[in-house]
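Undergrad: Show me the folded form of this:
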Amino acid sequence: MTNLSHFDSQPRSTTDTGAITALCKAAGDPLRMQVLKVLQQNAYGVLELCQVFDIRQSAMSHHLKILANAGLVATRREGTTIFYRRNESHPDTDLQALQHVLFQTIDDAALDPALRTRLESINTERSAASVAFFNQNAARFEENQDLIASWSDYGESVESFLDSSIGASHSALEIGPGYGQFLGKLSVTFKRVTALDNSAEMLEQCRTRATSQGLKNIDFKLGDTNLAISEGLRSDCISLNMVLHHNPTPGSIIAACAQLLNAGGVLLITDLCAHDQEWVQKACGDLWLGLEPQELTRWAQSAGLVEGNSLYLAQRNGFRIQLRQFVKPLPDNH
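TA: Numbering: from 1, shown residues only. Modelled structure (predicted):
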C-alpha cells in the first residue's frame, strides 16, 4: 500500500497549473520557439519578424500576442514602431526558474539557416542606415550630439572610471571613437590604442583631431568588430562610448567585445538610459531610444563578463547616462 502522507496538500506557491500550461504551450509551437531564438540578443519590430519568418503580419501578431500573454516577450515603443524582445524576468516569480531553463536551452539550440540569412539581411540594413547617417553628418554630428550629452558634461567621469578600472595597460580599443575626445586619455594610459569605426568620414574626422593633438600611438582602422576579430586583435581595455544606441545589434557588439578582451580585461560602456525623446533618431541617428541597464547586464553576462562598478549621471535636459564596467574573468587554473 502506497503511503501518501509525504505529499504536501498545500500549494507551495500561488501559481496554478494553468499558468505553467500557458507558458509551455506558448513556447511549444515551432515558430514561436524560433521567434524566442531570434530575440535572444536583440529586439525586432513586427514587420522585421514577418520578413525573417516570411509570414503575414496578422499571423506574426497572433504568435507574438500568445508569447506576450505567457510573459515570454515584452514590448517597447521606439517612435512609431513597437519592438519585441524577450522578457528575461517573468512577471510570475514562481515561473522564473522554468523560464530561465527554457531560454537557456533555446540559446544553446541552432537557428534555422534560412532564418539566420534573413536576420543577417535585416541587421545589415540597419547597420547600413547608421553608417550612411554618420558619413553624411560627420561635420555636424558633434553639435547635434551635444544637444543630448556633451563630452564636457560627462567626460571627466568617464576618465575617472577608466583610472579605477585599469589592470594591464598594454593595449586599448575604442569602438566608434566619434571625434576622439576619449583618445587623448587612452593614449597616455596605454602603450597602444586602436580606434575602430565603420564610418570612413567619422574616422577621418577623428584622425585629423588626434593628429592635431600630437597623439602618436593610435592605429585607425576602418571596419567593425568582425574585422577586429578576424585580425586577431586583443585588448586590455575596450571602450564603447555612446555607441550601442547607434548599433542595430548591441547585444552582439558586447559579445564581440568579450572575444576581443584579454583575460582580466575591462569593457567600459557609456550610454544613454532608456528615454522617450524621439527627436534624437533624426537629429543624431539613434537606432534605439537609450538602453535599459538590465539589458546591458544581461548581454554582458551572456557573453561571460562579470559586472563591475556602475555610475549614473542625470542631465539637466532629462537624459540619464549610465557608466558601466564589465570584466573578463581570469581563467580558473584549479
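Undergrad: helices or strands next to the strand or helix carrying residue 324 in the packing?
TA: Applying DSSP states H and E as the criterion places residue 324 in strand 320-327. Secondary-structure packing of strand 320-327 (3 or more CB pairs under 8 Å, 6 or more residues apart in numbering; DSSP states H and E): helix 151-163, strand 261-272, helix 293-302, strand 306-314. C-beta here means a position set from N, CA and C on the backbone, and glycine is covered the same way.
Undergrad: Mean neighbour count, those: which tops it?
TA: Among the helices and strands packed on strand 320-327, strand 261-272 has the highest mean neighbour count (mean count of other CB atoms under 10 Å), at a mean of 22.
Undergrad: Using PDB, write out the CA atom coordinates for the helix or strand following that strand.
TA: Where DSSP H and E defines the elements, the next helix or strand beyond strand 261-272 is helix 280-284. C-alpha atoms of helix 280-284 as PDB (Å, rounded to 0.1, in the frame of the first residue of the first chain):
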ATOM      1  CA  VAL A 280      17.200  62.000 -31.400                       C
ATOM      2  CA  GLN A 281      16.600  59.400 -34.100                       C
ATOM      3  CA  LYS A 282      16.600  62.000 -36.900                       C
ATOM      4  CA  ALA A 283      18.900  64.500 -35.300                       C
ATOM      5  CA  CYS A 284      21.600  62.100 -34.100                       C
END
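Undergrad: where's helix 280-284 relative to the chain centroid, distance-wise?
TA: In this view, helix 280-284 has its centroid 19 Å away from the chain centroid, taken as CA atoms, centre = their mean, to the nearest Å.
Undergrad: buried stuff in that helix?
TA: 280, 281, 283, 284 (16 or more other CB atoms under 10 Å).
Undergrad: which residue ranges form the helices in the stretch 101-250 of the chain?
TA: Shown for the stretch 101-250 of the chain, the helices assigned by DSSP state H, counting those that start in this stretch span residues 113-137, 141-146, 151-163, 183-189, 200-212, 225-230, 250-260.
Undergrad: could you redo the buried residues of helix 280-284 as TSV and give each row pLDDT and distance to residue 235?
TA: Shown next, in TSV, are the buried residues of helix 280-284 (pLDDT from 0 to 100; distance: CB to CB, whole Å):
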residue	pLDDT	distance to residue 235
280	81	29
281	80	31
283	77	32
284	79	27
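Undergrad: Out of the helices and strands packed on strand 320-327, which gets nearest to residue 247?
TA: With CB to CB as the criterion, residue 247 lies closest to strand 261-272 of the helices and strands packed on strand 320-327, at 10.1 Å.
Undergrad: what's the closest one packed up against?
TA: In terms of contacts (3+ CB pairs under 8 Å, 6+ apart), strand 261-272 is packed against helix 151-163, strand 235-241, helix 250-260, helix 293-302, strand 320-327.
Undergrad: closest to residue 273 out of those?
TA: Of all the helices and strands packed on strand 261-272, strand 320-327 comes closest under CB to CB, at 4.1 Å.
Undergrad: Report the helix or strand with the lowest average pLDDT across this structure.
TA: Lowest mean confidence among the helices and strands of the chain (mean pLDDT, DSSP states H and E): helix 141-146, at a mean of 66.
Undergrad: Pull out the buried positions in stretch 190-209.
TA: 190, 192-199, 201-203, 205-207, 209.
Undergrad: farthest pair in these?
TA: It's 190 and 201 that sit farthest apart of the buried residues of stretch 190-209, by CB to CB, at 25.8 Å.
Undergrad: Residues contacting the strand holding residue 324, please?
TA: 149, 154, 157-158, 161, 165, 254, 264-273, 275, 290-291, 293, 296-297, 300, 305-315 (CB atoms under 8 Å, 6 or more residues apart in numbering).
Undergrad: partner strands of it, parallel or antiparallel?
TA: Here strand 320-327 is paired, per DSSP bridges, with strand 261-272 (antiparallel), strand 306-314 (antiparallel).
Undergrad: Kindly tell me how buried residue 113 is, as a neighbour count.
TA: Around residue 113 there are 8 other residues, counting by other CB atoms under 10 Å.
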